[in-house]
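Visitor: give me a 3D structure for the following:
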Amino acid sequence: MSTILIIDDDDQLRTSFDKLLHVEGYSVLTAPSGEAGLDLIKNHNPDLVILDIRLPGLNGLETFERIRKIDTKLPVIVMTAFGTTETAIEATKLGAFDYILKPFDIPDILKLIKQAQEAGRFMRSQVTMNSDPQTALDDVIIGKSEQMQNVYKAIGRVALTDATVLIRGETGTGKELVARALYQHSMRVNKSFRIINCVAIPDTLLESELFGYEKGAFTGAVNRRIGKIEQAHNGTVLLDEIGDMPLNIQAKILRLLEERSVERLGGHQAIPIDVRIIAATNRDLEKAIIAGSFREDLYYRLSVVTINLPPLRERVADIELLSAYFLTRFSKEMNRDNPGLTPEALELLKSHNWPGNVRELANVIKKALIFSRGYPFRAEDINLSLNEGAELLADQDVTIDEGIRKWVLNMLRSNENDLFNTLMDKFTVILICEVLKISGGNRSQAAKMLGISRPTLLAKIDKYHLHFETSVKSD
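Guide: The predicted structure is shown next:
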């Protein structure tokens, strides 16, 4: 259970947070002052701090600076009213995970808490390499094949430099683990590490998320906002799935790499930024360059050093080690005896094509263990686990477009936070855009086609910042 510390002098707010976070499954500590909060951090080692800027005695900024001296990797979310936004921005520049304005929406703060917790875990949890499968921790890169030895050597050679690294590999090969290993063996290990998934954020929001915006930059921009890259100043940023990044944002990333500066939306000032960029993709960038969907100049800037992660089918020699690791890990998690594998089951695992790579292997082992009766896995047990998904689909008599199915599978293997809502948001945006095209922009007709009310449709258009230019009058 994760522990969250709330530092705020408002008794009612602390009580509300306590009730809310307990319902969400967190352990909660509260403190009415910075001094009391610092004592709790020293004695209880919380996983996350939510800190108010205005406090009696030590103010929020002073408290944050002292927190940094105690633990450089403890994520801190700053709370602020409109009048103290600039102080919150200053704290963010000094390394706070993010800030949120009072009063805030509960879904927003819960989402931010999950993101901050994950960032804290990534910074604190050591990624080990080539460990003994029987004793390895959760975050481990396993493999003794020649291909994986080359990966370990590349990590060792480049980690202590500030070189930009491009990690290439199919979905499920472990690109994020390699990025974390690079960070944890780098000179920036005591600074922030941010993972930005370029496909998890809608294109319409990605630019403002990455680079921030100035007050008045667009409707709803009532205050200056610091972007995720600026928040990571002096640290490391992983741009995951960069092959899917829109061209206009690729240009801004190129400027960041060339000039070491960013410009917020609505701003005219270049802001110096010192970050190490690690990029990852499962795309064929050479084909994307030919197709015009990826900038060639950005490709060469990103690939100063390239680490290629082999698909599992090309390192069959590692399947026995990986299977032993997942069996040991999941048996402990489920409090079961490790049943082991028969030689026939191991041969079946080695002969499978593994389109989902290591992540798919983990899922197959886990499913087989769930239905295990205690004896060593046989070939038929593995076969059942491999084919379970297809059988479930057949039972439901559902036909799904192959392109949509592959996209959903890739998302399911991505380990995204809040995956259901992310998928639903993407489907909703596609659905609304298509129905508006069909209706010529007529909102009433579009709402009728979708079977929802016009106010509901308008609310979703506003939520997703959708725009549809049309000569047809929309009533």
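
Visitor: every contact and neighbour count from this point should use C-alpha atoms.
Guide: OK.

Visitor: Gln126 contacts Asp139, correct?
Guide: Yes: Gln126 lies in contact with Asp139 (CA atoms under 8 Å); the separation is 6.8 Å.

Visitor: quick one: low-confidence parts of the stretch 351-475 of the chain?
Guide: Scanning the stretch 351-475 of the chain for pLDDT under 70 picks out 388-403, 405-406, 409, 412-418, 467-475.

Visitor: quick one: the helices in it?
Guide: Using DSSP state H, counting those that start in this stretch, the helices of the stretch 351-475 of the chain run over 357-370, 379-396, 402-412, 419-438, 443-450, 454-463.

Visitor: other SSEs contacting the longest one?
Guide: For helix 419-438, the elements it packs on are helix 402-412, helix 443-450, judged by 3 or more CA pairs under 8 Å, 6 or more residues apart in numbering; DSSP states H and E.

Visitor: quick one: buried residues of the shortest one?
Guide: Under the neighbour-count criterion of 16 or more other CA atoms under 10 Å, helix 443-450 has 443-447 buried.

Visitor: domain ranges for this protein?
Guide: 3-124, 146-309, 313-396, 419-463 (automatic domain parsing).

Visitor: so which residues of the stretch 51-200 of the chain form strands?
Guide: 76-80, 98-101, 128-129, 140-141, 165-168, 193-197 (DSSP state E, counting those that start in this stretch).

Visitor: indicate each strand paired with the fifth one and its parallel or antiparallel sense.
Guide: Within its sheet, and counting by DSSP bridges, strand 165-168 is paired with strand 276-281 (parallel), strand 305-308 (parallel).

Visitor: ditto for the last one
Guide: Using DSSP bridges, the strands paired with strand 193-197 are strand 236-240 (parallel).

Visitor: name the residues that touch the partner strand?
Guide: Contact with strand 236-240 is made by 176, 179, 183, 188, 191-198, 229, 275-281, as judged by CA atoms under 8 Å, 6 or more residues apart in numbering.

Visitor: now for the helix or strand just after it, which elements pack on it?
Guide: Sequence-wise, the next helix or strand downstream of strand 236-240 (DSSP states H and E) is helix 247-259. On a contact count with 3+ CA pairs under 8 Å, 6+ apart, helix 247-259 meets strand 261-262, helix 296-302.

Visitor: give me that answer again for 10 Å
Guide: helix 203-211, strand 261-262, strand 271-272, strand 276-281, helix 296-302 (3 or more CA pairs under 10 Å, 6 or more residues apart in numbering; DSSP states H and E).

Visitor: so what touches the first one?
Guide: In other words, helix 203-211. 196-202, 212-214, 217, 225-231, 244-246, 248-250, 252-253, 262-266, 464-467 (CA atoms under 10 Å, 6 or more residues apart in numbering).

Visitor: list the buried residues in that helix.
Guide: For helix 203-211, by 16+ other CA under 10 Å, it's 206-211.

Visitor: same question for stretch 419-438.
Guide: Per 16+ other CA under 10 Å, stretch 419-438 contains these buried residues: 422, 425, 429, 432-433, 435-436.

Visitor: CA atoms of it as PDB?
Guide: The C-alpha coordinates for stretch 419-438 follow below in PDB (Å, rounded to 0.1, in the frame of the first residue of the first chain):
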ATOM      1  CA  LEU A 419      -5.700   2.300 -19.900                       C
ATOM      2  CA  PHE A 420      -9.500   1.900 -20.100                       C
ATOM      3  CA  ASN A 421     -10.100   5.700 -20.100                       C
ATOM      4  CA  THR A 422      -7.300   6.300 -22.500                       C
ATOM      5  CA  LEU A 423      -8.800   3.900 -25.000                       C
ATOM      6  CA  MET A 424     -12.300   5.200 -24.500                       C
ATOM      7  CA  ASP A 425     -11.000   8.800 -25.100                       C
ATOM      8  CA  LYS A 426      -9.300   7.800 -28.300                       C
ATOM      9  CA  PHE A 427     -12.400   5.900 -29.600                       C
ATOM     10  CA  THR A 428     -14.600   8.900 -28.600                       C
ATOM     11  CA  VAL A 429     -12.500  11.400 -30.500                       C
ATOM     12  CA  ILE A 430     -12.500   9.200 -33.600                       C
ATOM     13  CA  LEU A 431     -16.200   8.600 -33.400                       C
ATOM     14  CA  ILE A 432     -17.100  12.300 -32.900                       C
ATOM     15  CA  CYS A 433     -14.800  13.500 -35.700                       C
ATOM     16  CA  GLU A 434     -16.300  10.900 -38.200                       C
ATOM     17  CA  VAL A 435     -19.900  11.700 -37.300                       C
ATOM     18  CA  LEU A 436     -19.300  15.400 -37.700                       C
ATOM     19  CA  LYS A 437     -17.800  14.800 -41.100                       C
ATOM     20  CA  ILE A 438     -20.800  12.800 -42.100                       C
END
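
Visitor: so how far is it from its chain's centroid?
Guide: 21 Å (CA atoms, centre = their mean, to the nearest Å).

Visitor: ditto for stretch 47-66
Guide: On CA atoms, centre = their mean, the centre of stretch 47-66 falls 26 Å from that of its chain.

Visitor: now the end-to-end length of it.
Guide: 16 Å (CA to CA, to the nearest Å).

Visitor: pull out the buried positions in it.
Guide: In stretch 47-66, counting by 16+ other CA under 10 Å, buried: 47-55, 59-61, 63-64, 66.

Visitor: so which of those is the closest to Glu296?
Guide: Taking CA to CA as the measure, Glu296 lies nearest Leu48 of the buried residues of stretch 47-66, at 40.5 Å.

Visitor: surely that closest one and Asp98 touch.
Guide: No: using CA atoms under 10 Å, Leu48 is not in contact with Asp98, being 11.9 Å away.

Visitor: touching both of these two, which residues are there?
Guide: With CA under 10 Å, 6+ apart as the test, Leu48 and Asp98 both reach 75-77, 113, 116.
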